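>>> take a look and give me a structure for this.
(chains A, B, C and D, ligands or ions: 4)
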Amino acid sequence: MHALVGENGAGKSTLMKILYGMQKPDEGTITIDGEQATFHSPADAIARGIGMVHQHFMLADNLTVLENVVLGGEKLYGIGNRARQKIKEISEAYGLHVRPDALVENLGVADRQRVEILKVLYRGARILILDEPTAVLVPQEVDALFANLRELKSEGLTVIFISHKLGEVLSVADDITVIRRGTTVGTADPANTTTKQLAELMVGSELPSPETRESTVTDVPMLTIDDLQLNATDPDGAVREVLAGITFTIHKGEVLGIAGVEGNGQAELVEAIMGLRDPDGGVITLDTADISHAPTRKRRESGIGYIPEDRHRHGLLLEAPLWENRILGHVTEEPNSNRGLLDLKAARKDTERIVKAYDVRTPGIEVTAASLSGGNQQKLIVGREMSHAPKLLIAAHPTRGVDVGAQVQIWDQIREARREGLAVLLISADLDELIGLSDTLRVMYRGRLVADADPATITPEELGSAMTGAATGHLEAAPEDEA
Amino acid sequence: GKTSDSGSGSKEASAAIAYDIGGRGDQSFNDAAYAGLVKAEKELDIKGNDQEPSEGESDADKVQRLTELARSGNNPVIGVGFAYAPAIKKVAPKFPKTTFGIIDDTSVTGKNIANMVFNEEQGSYLAGVAAAKATKTNKVGFIGGVEVPLIKKFEAGFAQGVKDTNPKVQVLKQYLTQPPNFDGFAKPDLGKAAAQGQLDKGADVIYHAAGLAGSGSIEAAALDGKWAIGVDSDQYNQEGLAKYKARILTSVTKDVSGAVFNLIKSVKDGKPQSGEVRYGLDKDGVGLSDSNPEYKKMTDLIAAVDKARAEIISGKIKVQTAP
Amino acid sequence: MKKFDKDRLILGLAGPVLALVVAIALTSVVLLASGRDPFEPYKLMVESAQYADIQVLILNQAGTYYLAALAVAVGFRMNLFNIGVDGQYRLAAMMAALVGAAVELPGPLHIALIVLVAMLTGAFWAGIAGVLKTLRGVSEVVSTIMLNAIATSLIAWLILTDNFGVQLEGSNDLTTGEIAESGWFPSVSLADGGEIYGFTFVAFALGIVYWFVLNRTRFGFDLRATGASESAAAASGVDAKKMILTAMLISGGVAGLAGMPTLLGDTHTYSLSFPTGIGFTGITIALLGRNNPIGIFFSALLIAFLDKASSALDQYGYEKEIATIMQGLIVIAVVVSYELVRRYGLRRQQQKVGEELAAAARKNREEVAA
Amino acid sequence: MSTSTVSAVSAAPKKSARRKLSVPVILLIIAGALALVSLVRIISGADDLTSVGQVSGALQLAIPIGLAGLGGLWAERAGVVNIGLEGMMILGTWFGAYAGYQWGPWTGVALGIVGGALGGLLHAVITVTFGVNHIVSGVAINILAVGVTRYLSNFTFDKAAGGSSKQSPRIDEITKITIPGLSDWLRDIQGKHWFFVSDVAGVLGGLVTNLSLLTIVALLLIPATIWILWHTAFGLRLRSCGENPVAAESLGVNVYKYKYIAVVVSGGLAGLAGAFLAIVATGIYQEGQTGGRGYIGLAAMIFGNWMPGGMALGAGLFGFTDSLKLRGGAENVHAMLLLLAILLLLVVFWQLYKKKYLPAAISAVAAVLLFVWYSLTNEVPSQFVDAAPYITTLLVLALSAQRLRMPKADGMPYRKGQGK
Ligand SMILES: Nc1ncnc2c1ncn2[C@@H]1O[C@H](COP(=O)(O)OP(=O)(O)OP(=O)(O)O)[C@@H](O)[C@H]1O
Ligand SMILES: Nc1ncnc2c1ncn2[C@@H]1O[C@H](COP(=O)(O)OP(=O)(O)OP(=O)(O)O)[C@@H](O)[C@H]1O
Ligand SMILES: [Mg+2]
Ligand SMILES: [Mg+2]
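Residues are numbered from 1 along each chain as shown, chains lettered A, B, ... in the order given. Ligands and ions are numbered 1, 2, ... in the order given. Modelled structure (predicted):
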C-alpha cells in the first residue's frame, strides 16, 4: 500500500490520471510488472489491471449500482443476472454491502465509495488507485475502508492512495511518496516518520492543529433555532421528516460544531438556515430578527457568510472569471455594487486583494474559476465570505480537499473572526477539525440532534459512535456515556 | 446613393409577375399565373419576368420587388394575390406609365391599376349543384385549406349551390389551418385526414379548396370510391393526380392564366385594362370542367349545372360571397 | 489587465473571417457541383447591396431581427429557450394594432400606448410559459412551441370581422383597421432609397440597454449567474423561480417589440400578410451573435443582407435558395471557428499557467537543493 | 465501542424514486380513460371520438411525430440535444421522395433514412467533434436542410414529369394491410355505439385497418428502442454517455463513438419520419411538408420524460387531438370540452383528498366554466378547434405533476480527457 501526499495542486490527481490513461504524459515511462506500458485510454489501463477510484466520484446518478458497475465491462459477466450474482459475490467477499439494484442517486457518500471500489474489483484490477478516498468518511467508515483495503492487499493487490490526512497515511501506508509542484520531493518510511516531518516535507511548514482553547464565547445569542421542522415529499407522495425538533443557539464568538454521517440532515439544516428551503415549522432568529421565512438574499445581507459543502454546485460560477465569482453572493453589498449598479473596478481590486491575502494560486483574476485547483477555489470562497465581516458563518466542510498549509490559513481566519465576535456553525466530516475548532458539539442523526459533547474532552472515536446512533444524550469522555 | 435600377434597357417589351407565397411550382394559383405569362411570351412576343417572394416577408419587400420590376421597364407588373395590395398602393403612383395588375383584390384603385377578380362563388355554386346531384347519401363535404375570406367565398357558393339544388343534402365543412399558418394549402396529409373524417361520416362527394393539401382529399375520396371535386385548374388532367383521375368528378376552374394573359395583351395593344376586371361565369373566368367521361354521362347533373349557370349569368341567382 | 491584448484581438477577428471564407468556399462547391458559376452570385449580391433602397431594406429588416434576437438572447442568458418569440411578437403586434387603431391620442402618447400594449402582450404570452415552468415545472421548450400555435389560432379568431377585424371593401385580407397618423413612428427619409423606420434606431438603442442591464446591474448579474449555475445562483441569494419568471417576462416584452418597426413604420395595421417567422430567425441570430449585443447586431445585418440581396439572384437565373444554404453554412462555420479559436486560446492560457508553475517548481527545487 | 461497523447505517435509505408501472396497472389506466371517453361520447353524441377512422387517422398523424421524438430520444439519451430533427426530417422527405418515385417506395424509405442520417452525421461532427453548442448546430442544420432540399428540387423534381420545383412526382404506395374479417367485425361493433365495447372495438379496429407496413415498422421501433437502450450492453454504454460521460470514459467507453452512433441513428429516425410523411402519409414530396413536426416530436419526447413509452403517449395524444380536429373538429372538440370538465372534476376530488383547497377551488371553477361553455354552445369556433392539440398538450403538462428528468449530461459539452 503506497501513499501519495502533497499540497493542493501538487499534481497528485494528475499523476494518477496519467497512470490510468486519462491524460497523456509528455515524457517518462510507466512500468508494470517489469514491463513498460503506454496507455492511450483508460481501456488500456483497465486491460493492464489498473483500476481507479476518482477524487470526484465517477458515477451516473440516474443509473443503478449494477449498471454503473457493469458499464464498460459488459463482456465479463453480461449485464443481467450473472453480473448481479458476481456483484453480490464480490460485495460479500470484501464486506462491501452493496445493493446492486439501488439507484446511485439514493446512496450516501460511503456507499458510493464502496460502489466505486466494487467497480474496480469487478474488473479484476490488480492495482488500485484511490484519490482522497477518506476525505468524506467518518472514522468508523475510514476504518472499515482500510479493513477492506488490507484485505485486498493480503490478496496480493497493489493499492496507491492519496490523502491529506497524514495520520492515516502513516498508519496504513507501507511506503510514502511526497510530491510538490509536479515533482517528487521525497519519500518516507511510515515506520520512522512523524506526521510533523511528513508535513514539513510537503509544505515546508509544521503540521497544523486546529486546537483552539482560549474561549471567546459570549452570552449574546447570534443565531437561535427553535424547534425547526422540515419535511420532504417523496415522488410517491409520502411525507418524510428531514429535520425535526432542531433547537440550538450560537452565541457571538462561539463555534458550534455539528457532527454526523453525511445524509443525516446537515445539508438540509444549512439550507434551511440559508433560506434555500422553507421550514415547515420552528423559528430561526438571527441577531434578534426572525428570519424563518426571509429570502436568501436578505439573510446574506444581514450578515450570514456561507462556505458551501459542494463548492462547484453552490459556491462558484465555474466558467466565470475570478472577479465575478468574488461578486457572487454579495452582489448587493460593498464594494461590488452601488445602488443597483455593479462597481466592476472596485470588485476587481478587491479580488486582487483576496487573491493576495488568502494566497490563492492563480496567474490572474481574469482566469475562470474552473482553472483553479480545488484547494485554491476553496481559498477564494473563504476569502470572499470573510470579506463581508459576517455575523454568522456557516462553514460546511471548510477544508475538504484542502492541503495542510491552506487548512491552517482557513482555521486561522475562522479563529480570528471568532475572536471579534463571529458566530460559526461548523459542519465537518473531519472530526479532528470539528473537535479542535468547536466550542460546543452536537451530533446529528436521522434529522435530529441526538447528542452533545464537550470538545475539550471528547475523542473522535466516541463522537463517531454517536454519529452512528449508538449513543445519545450528553456524551461523557468516560466510556459509561448514557445509552 | 444609387438605386436598384437594373435598367435592362427596355427596348424589348416585357411583362412581369410577382408571386404570392408558394411561388412557381405550386401547381396552383402561382403556376396558373405563370402559364399566362408563358402564353403571352409565345403569342405576343414579349419577354416575361417573374419573381418569387421570400417566406414571411413584409410589405416593404413587396414594394421593393414591384418597384424594381417597374423600374426596369416591365409593363404590366402583376402582383399575384391580395397580399400585394398595400405594395401596389405605394408603388403605382410612382410609375404612372406602367400598368399594375393585382389578382383577387379591388381595394386599391388607380388609373394604372387593373384589379383582376374572380367570382369563385359562382364556380363553387355549380360545384354545389353537381355535388347535390351526384350524392347518394345526401351528405357532401367541403374542405377549405386555410380559413381566410377568399376560401370562405368557395364555401359560401358551394353550400348555396347544394342547398338550392337539394335542401336535404347536408354539407360538412372543415378548414385545415388558420392564417398565417398556410400549411392548409401545403400538407396533403391534413387534407387526407379531413376528407377521411367526412367520408366516415357518410359524405360521398368532397369538394376541396385547399391547393396542394387538397390532393390528399382527392386521394382519400378516390381510394374510398367516392367523388372528389377539384379546384383552380382542371385537376382531372393534372399529372400528379393521374392515379385518381377517374374519381375526380369535375373541377371548379379559375382562369388566372387567362386573366394574366389578357392584361398583358391589353397593354401590348395600347389599351391597358384599368379598374376592376371581373371574371365570372359569363366570361368563362370561372367554370366547371367536364373532362371526366363519367361526368359527361351524367346528363341529369349536366342539365342542372347548365341551368344554374344560365340563371347565374342572367342574374336570377345571386350567389353569396360569405357563408 | 491586458484588456487590449493584441493576440486576443487578432484571434477574435480571425474566427469570423475564417468562417466566412470557409462558408463561401463551401457554397461555391455547391454551385460548382450543380453546374453554376461559383462566383457570380456573390458579385450579384454585393452589387445589389450597393443600391440605397436595398440597403434601407436590409437595415430595416436587421432592426426587426435585432429585437427578436435580443428577446431570445435574454432567455438564453439564463438557459431559458424561448422558442415562442414568434407567437409573442405576432400576438403583440396584433393587439397593439387593435388598440392603436381604436384610440386617437396626441402623437408621442399614441405611440407610447401602442408600444406599451405590444410589450405587455408579449410579456403576458411569454409569462404563461414562465408561470407554467415555475409553478408546474413544464419545460419552456414545449410550452412555447404550443403557445406559438395557440397564438396563431387566437389571432385568427380575434381578426375575424365578427370580432375585432376589418375587411376593406374589395379586399380579401383581414386587418385590424388602420392606426391614425398620430400613432405612426417618424421615419428617416432618404432621397430615393425609401425610409428607414424610426423604430430601427430604437431597436439598436435597446441593444445598449441590454448590454448595460446585463453587465452593469445587480439584476443582470443575478440573471447571468442563474444562467451559469442555477444552484450557485440560488445559494447566492437569487430567487430562481422569480428569476425565471422575470426573464421570461422581459424576453416576451422585448419580443413584443419585434413587430413594431413594421407596424409603426410601414403597415400601420396588422393583417393576414403581416411578416411571420421572425422569431425563428431571431433564434439563429442570437446564437450566431453569441447573445452578445454587438455580435447580434452584425449577425442581424448579415442575415438581413443574405435575405434581401438574394432576391437579385432570381433575376439572373440563379436559384436564390443558395442564400439559404449559405446562411446555414455560415452559422455552422462561424460557431465551429469560434470554438476552435476558443480552444486555441484556452490551450495558450493553460500553457502560460503551466510555464509559470514549472518556473516556480524549478525555483523550489533550487531552494530545496540549497 | 470503537469497533462497531458503520457500513450498514450510512444514509437514511430512501425509497426508489422511480416507480415502475406494471402491465396490469397500465391496462387498467387505459381502460379507465377509455371508459371516460366513452361516457363523454354517449352524452355528447360525438361518435367519431373513438371511431375506427379517428383512431387510424390519429395513428397516421402520430407516427411522424413519434418517429421524430424517438430520434430525439436516441440523441438526448447519449447527451446530444437534437433540435435539428426538423431539418433531418426535411432531408428524409426529400431523399425519400427522390428515391421513392424512381425506384419504389421501399428504396425511398431506405434513402430517406440515409438522408436523415446524413443530417445526423453533420450534427455529430459539429457537436461531438467540434464541441459546438448543440442548439446552434441544430438550428443551422434546420436552415441548411431547407436550403439544400429546395435547391436540389430545382434540378430534380422540376424536370420530372408530374413534379415541380416544389413538389415531387407521385410515389407508389407501400402495401397496406387490413385484417379482413376482424377489421369489418370491429367496425360493425363500433358502429353500434355501445358503451365502452364499441370504443374498444373502435380503437382496436383503428389499429388493424388500412395499416401501412411502414406504420407497423414504425410502431415496432418503440419496443425495439426500449430493448436496445435498456436491455443491451450497447444501450447501457450509450445512456451512460448522456448521464455521465466522464465516468463512462473512465471505464474505457469510447464516448465519442457512442455519441456519434446515437446522433446518426437519431437522424436516421427523423429521416424515416420524413420518409413516412412523403411516402405513406402524402404520396409526394412537398416543400414545407414537415411544418414543424420535428419540433412537435421534440416536445413529445420532453412530454414523455425522455422515455420511449411516455414519448409515444405524447405523440399519440397529439395525433389523436389533431385527427379529432381535422375530422369534423367543431363537433368533436366540443365534446372534448365535456371530457375536460369531467377530468378537471376528478382533479378537484384528488386535490380535496390531498387537502389542497385552493388548487381544488381553481380547478372546480375551471370545470364549471367549461361545463357552462359546453352546454351553451353547439360547436367550438374553428379557430379554437385548430388550437385543440396544443391546448390539450399544455393542459396535460400543467395538470400532471412534472418530474422531468432529462439525462444529466444532456446538452453539455464533453471533451475527452478533460473530465474533472
Ligand atoms: N500537464 C501539465 N502541465 C502543467 N501544469 C499542470 C499539468 N497538469 C496539471 N498541472 C498543474 O498542476 C496542478 C495539478 O493538479 P492536481 O489535480 O494533480 O493536484 P492535486 O495534487 O491532486 O491537488 P489536490 O490535493 O487539491 O487534489 C494543477 O494546479 C495544474 O495547474
Ligand atoms: N494539460 C494541462 N496543462 C496545463 N494545466 C492543466 C492541464 N490539464 C489540467 N490542467 C490544470 O489542472 C488543474 C486541475 O486540477 P484538479 O482539478 O485536478 O485539482 P484538484 O486540486 O485535484 O482539485 P479538486 O480538489 O477540486 O479536485 C486545473 O487548474 C487545470 O487547468
Ligand atoms: Mg486532486
Ligand atoms: Mg483535490
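
>>> surely C:Ile54 meets C:Val46?
No. The criterion here is C-beta atoms under 8 Å, and C:Ile54 misses it with C:Val46 at 10.7 Å. Every residue, glycine included, has its C-beta placed from N, CA and C.

>>> what about those two, which has more around it?
Comparing C:Ile54 with C:Val46 by neighbour count (other C-beta atoms under 10 Å in any protein chain shown), the higher total belongs to C:Ile54, at 26 against 12.

>>> the helix or strand harbouring the more buried one - contacts with which helices or strands?
Secondary structure from DSSP states H and E places C:Ile54 in helix C:52-76. Secondary-structure packing of helix C:52-76 (3 or more C-beta pairs under 8 Å, 6 or more residues apart in numbering or on different chains; DSSP states H and E): helix B:59-71, helix C:85-102, strand C:194-196, helix C:198-216, helix C:240-257, helix C:260-262, helix C:278-288, helix C:293-309.

>>> could I get the ones you listed as TSV with distance to A:Asn81?
Below are those laid out as TSV (distance: least, C-beta to C-beta, whole Å):
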stretch	distance to A:Asn81
helix B:59-71	67
helix C:85-102	52
strand C:194-196	73
helix C:198-216	55
helix C:240-257	43
helix C:260-262	65
helix C:278-288	47
helix C:293-309	55
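
>>> looking at those, which has the lowest confidence?
When the helices and strands packed on helix C:52-76 are ranked by mean pLDDT, strand C:194-196 comes last with a mean of 84.

>>> tell me the pLDDT at the residue of chain B found nearest chain C?
Closest to chain C within chain B is B:Thr106: 3.1 Å, counting by C-beta to the nearest C-beta. Looking at B:Thr106, its pLDDT is 91.

>>> and if you look at the one 4 residues further on?
The per-residue pLDDT reported for B:Gly110 equals 90.

>>> quick one: the closest residue to it other than its chain neighbours from A:Tyr358, how far?
Once flanking residues are discounted, B:Gly110 sits nearest to B:Ala92: 5.0 Å by C-beta to C-beta, 6 or more residues apart in numbering or on different chains. Distance check for B:Ala92 against A:Tyr358: by C-beta to C-beta, to the nearest Å, it reads 75 Å.

>>> thought C:Ala69 was touching C:Ile278?
No. With contacts counted by C-beta under 8 Å, C:Ala69 stays clear of C:Ile278, the gap being 9.4 Å.

>>> number of residues surrounding A:Asp278?
A:Asp278 has 10 neighbours, counted by other C-beta under 10 Å.

>>> show me what contacts the residue nearest to A:Leu431 when sequence neighbours are not counted?
With C-beta to C-beta, 6+ apart as the criterion, A:Leu431 has its nearest non-adjacent residue at 3.9 Å, and that residue is A:Pro460. Listed by C-beta atoms under 8 Å, 6 or more residues apart in numbering or on different chains, the contact set of A:Pro460 reads A:139, A:431-432, A:435.

>>> could you list which of these belong to helices?
A:139, A:431-432, A:435 (DSSP state H).

>>> drop anything exposed from the residues you listed.
Using 16 or more other C-beta atoms under 10 Å in any protein chain shown as the burial test, these include A:139, A:431, A:435 as buried.

>>> just to revisit the earlier point, and the residue nearest to A:Leu431, what's its pLDDT?
With respect to pLDDT, A:Pro460 scores 75.

>>> go on, the one 5 residues further on?
A:Ser465 is assigned a predicted lDDT (pLDDT) of 74.

>>> re earlier: and the residue nearest to A:Leu431, what are its phi and psi?
phi -50, psi -40 (degrees, to the nearest 10).

>>> do stretch B:30-37 and chain D meet?
Yes. On the criterion C-beta under 8 Å from any C-beta of the partner chain, stretch B:30-37 is in touch with chain D at B:Asp31.

>>> now that stretch: how far from the chain's centre is it?
11 Å (C-alpha atoms, centre = their mean, to the nearest Å).

>>> follow-up on the earlier one: find residues that contact each of C:Ile54 and C:Val46.
Shared contacts of C:Ile54 and C:Val46, counting by C-beta under 8 Å, 6+ apart, come down to C:Ala309.

>>> using the three-state scheme, assign the residue nearest to B:Gly110.
Recorded secondary structure, B:Ala92: helix (DSSP: H, G, I helix; E, B strand; the rest coil).

>>> next, count neighbours for it.
22.

>>> I'd guessed it sits against B:Asn115; true?
No. The pair B:Ala92 / B:Asn115 is not scored as a contact, 11.3 Å apart, by C-beta under 8 Å.

>>> ok, back up a step: what sits against the residue of chain B closest to chain C?
By C-beta under 8 Å, 6+ apart, the contact set of B:Thr106 is B:115, B:117, B:276, C:169-171.

>>> quick one: low-confidence ranges for the chain?
No chain in the question, so chain A it is. A:7-9, A:135-138, A:181, A:203-213, A:234-238, A:469, A:476-483 (pLDDT under 70).

>>> the chain in question should be chain C.
Residue ranges of chain C with pLDDT under 70: C:1-8, C:193, C:349-350, C:353-354, C:356-358, C:360-370.

>>> give me the most central residue, it.
Note on chain C: the residue nearest the mean C-alpha position is C:Ala69, at 1.3 Å, using C-alpha atoms, centre = their mean.

>>> picking that back up, can you give me the pLDDT of the residue nearest to B:Gly110?
So, for B:Ala92, pLDDT stands at 93.

>>> again, but for B:Phe95
Reported pLDDT for B:Phe95: 93.

>>> how near is it to B:Asn112?
For B:Phe95, the distance to B:Asn112 (C-beta to C-beta) stands at 7 Å.

>>> ok, D:Gly297 next?
In terms of C-beta to C-beta, D:Gly297 sits 50 Å off from B:Asn112.

>>> please apply the same query to B:Gly48.
Distance, B:Gly48 to B:Asn112, by C-beta to C-beta: 20 Å.

>>> ditto for D:Ser137
From D:Ser137 to B:Asn112 the distance is 50 Å (C-beta to C-beta).

>>> neighbour count winner among these two?
Per other C-beta under 10 Å, whichever of D:Ser137 and B:Asn112 has more neighbours is D:Ser137, with 29 against 20.

>>> does the more buried one touch D:Ala124 like I think?
No. Using C-beta under 8 Å, D:Ser137 makes no contact with D:Ala124, being 9.2 Å away.

>>> near chain C, which residues of the stretch 151-300 of chain D?
Contacts of the stretch 151-300 of chain D with chain C, taken as C-beta under 8 Å from any C-beta, map to D:151, D:154-155, D:292, D:295-296, D:298-299.

>>> which residue does the stretch 251-400 of chain D bring closest to ligand 3?
D:Leu251 (19.5 Å; C-beta to the ion).

>>> burial count for that residue?
When neighbours are defined as other C-beta under 10 Å, D:Leu251 has 23 of them.

>>> same check on the one 5 residues further on?
Taking other C-beta under 10 Å as the neighbour definition, D:Tyr256 ends up with a count of 17.

>>> could you pull out the helices in the stretch 1-150 of chain D for me?
In the stretch 1-150 of chain D, the helices defined using DSSP state H, counting those that start in this stretch lie at D:23-44, D:52-77, D:85-103, D:105-124, D:134-155.

>>> and the first one, what's its mean pLDDT?
For helix D:23-44, the mean pLDDT works out to 79.

>>> for the residue of chain B closest to chain C, what is the enclosing helix or strand?
Going by DSSP H and E, B:Thr106 is not part of any helix or strand.

>>> any idea how far it lies from D:Thr392?
B:Thr106 is 41 Å from D:Thr392, by C-beta to C-beta.

>>> let me see the contact set for the nearest residue to A:Phe57 once chain neighbours are set aside.
Spatially, and ignoring its direct neighbours in sequence, A:Phe57 is nearest to A:Arg112 (5.2 Å; C-beta to C-beta, 6+ apart). By C-beta under 8 Å, 6+ apart, A:Arg112 lies in contact with A:57, A:59, A:104.
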